[in-house]
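> Here is a sequence together with a model predicted from it:
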Amino acid sequence: MKSNILVVDDEPVARQSLSDILRLEGYIVNSVPNGQAAVEYVRTHPVELMVVDLRMPGMDGLEVVQVVNQVSPETEVILLTAFGTTESAIQALRLRIHDYLLKPVPPAQVVNSVKKGLTRREARLKMRGGGASIDVDEGIAEFSLKDGTHIDLSRRQVRKKDQIIHLTPAEGRLLRVLIENPGRVYSHRELVLLVQGYDTSQREAPEILRPLVSRLRHKLDAFPALSDRIVSVRGTGYLYEGDK
């Protein structure tokens, strides 16, 4: 069954381009030019995933997400923005959007994010239907690795038997972003935006991020089953390797 996707952008060219890209991938795509129209559409039509521009006149992207989370909590959301700011990045994390992409976004990255968003949605629905212990409404809150390592992202704790470590808020956000998107390569710039809450240049981002990653890895040295999954992608950023 083909997935229903809604594209929300006030720029006609961007809206049409995104719609065409996703239709070529076989999705059923509808588009609207503003936030109010998006909310009205979601109230009356099933939407598996939305691609929403952050800055729009009237109701902006974050306001759209807030309403959609109430009226259609099963809908995954990808937020697009050319303007990375502290407030928008932090709010996006609080709203538990699937992805936060910086414009200009290559078509392949959009398609990849959409595929992963739909996969995540399907997994959430299966977990809910099967009575899994994961708190799907809050994203991945707790889970255990095969070696007995237990990660509690809500409390920012990692433990195994009598060993336990506590993460700082920034370390916890970094681990959450990576774990909730296994296999996704995040650039240094994207991680600085999502974790630290501000945009920076491609040149400066690695210098800002490396000390944080170093501290996190140092804390996780006692949990190799977890630390070994945080992989550096040379010249690009980092990814979390899921189960193979």
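Nice, I can see it. Every value quoted in this text rests on a predicted model; they were computed, and no experiment measured them.

> Can you pull the domain assignment for the chain?
Following automatic domain parsing, one finds the domains of the chain at 4-130, 140-240.

> Quick check: phi and psi at residue 98.
Phi and psi for residue 98, reported as degrees, to the nearest 10, are phi -70, psi -40.

> ok, back up a step: so can I have CSV of the domains of the chain showing mean neighbour count and mean pLDDT?
Just so you know, the C-beta spots here come from the backbone N, C-alpha and C atoms, and that holds for glycine as well. Output for those, formatted as CSV (neighbours: other Cβ atoms under 10 Å; pLDDT from 0 to 100):
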stretch, mean neighbour count, mean pLDDT
domain 4-130, 17, 86
domain 140-240, 16, 87
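
> which one's the longest helix in the chain?
helix 107-130 (DSSP state H).

> Roughly how far does residue 53 sit from residue 107?
Residue 53 sits 16 Å away from residue 107, going by Cβ to Cβ, to the nearest Å.

> do residue 4 as well
Taken as Cβ to Cβ, the span from residue 4 to residue 107 is 20 Å.

> could you measure the residue nearest to residue 27 when sequence neighbours are not counted against residue 242, distance?
Excluding the flanking residues, the one nearest residue 27 by Cβ to Cβ, 6 or more residues apart in numbering is residue 5, at 4.9 Å. Using Cβ to Cβ, residue 5 is found at 24 Å from residue 242.

> go on, residue 149?
Applying Cβ to Cβ, the value for residue 149 to residue 242 is 14 Å.

> got the residue ranges for the strands in the chain?
4-8, 28-32, 49-53, 76-81, 99-102, 142-144, 150-152, 157-160, 163-166, 186-187, 230-233, 237-240 (DSSP state E).

> partners of the last one, with directions?
So the one you mean is strand 237-240. If you go by DSSP bridges, strand 237-240 pairs up with strand 186-187 (antiparallel), strand 230-233 (antiparallel).

> got CSV for those strands, with distance to residue 204 too?
Below are these laid out as CSV (distance: least, Cβ to Cβ, whole Å):
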stretch, distance to residue 204
strand 186-187, 12
strand 230-233, 18
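
> ok, residue 241 - contacts?
Applying Cβ atoms under 8 Å, 6 or more residues apart in numbering to residue 241 gives the contacts 182-183, 228-229, 231.

> now, which of those sits nearest residue 169?
residue 229 (21.1 Å; Cβ to Cβ).

> Could you pull up the residues touching the closest one?
With contact set as Cβ under 8 Å, 6+ apart, residue 229 has these partners: 240-242.

> let's see it at 6 Å
Going by Cβ atoms under 6 Å, 6 or more residues apart in numbering, residue 229 touches 240-241.

> Over to residue 52?
Shown in contact with residue 52 (Cβ under 6 Å, 6+ apart): 8, 61, 64, 79.

> quick check, nearest of those residues to residue 45?
The closest of those to residue 45 turns out to be residue 8 (Cβ to Cβ; 13.0 Å).

> What residues are bridge-paired with that closest one?
Assessed by DSSP bridges, residue 8 has beta-bridge partners residue 32, residue 52.

> Residue 4 too?
Beta-bridge partners of residue 4, as defined by DSSP bridges: residue 28.

> Many thanks, we can stop here.
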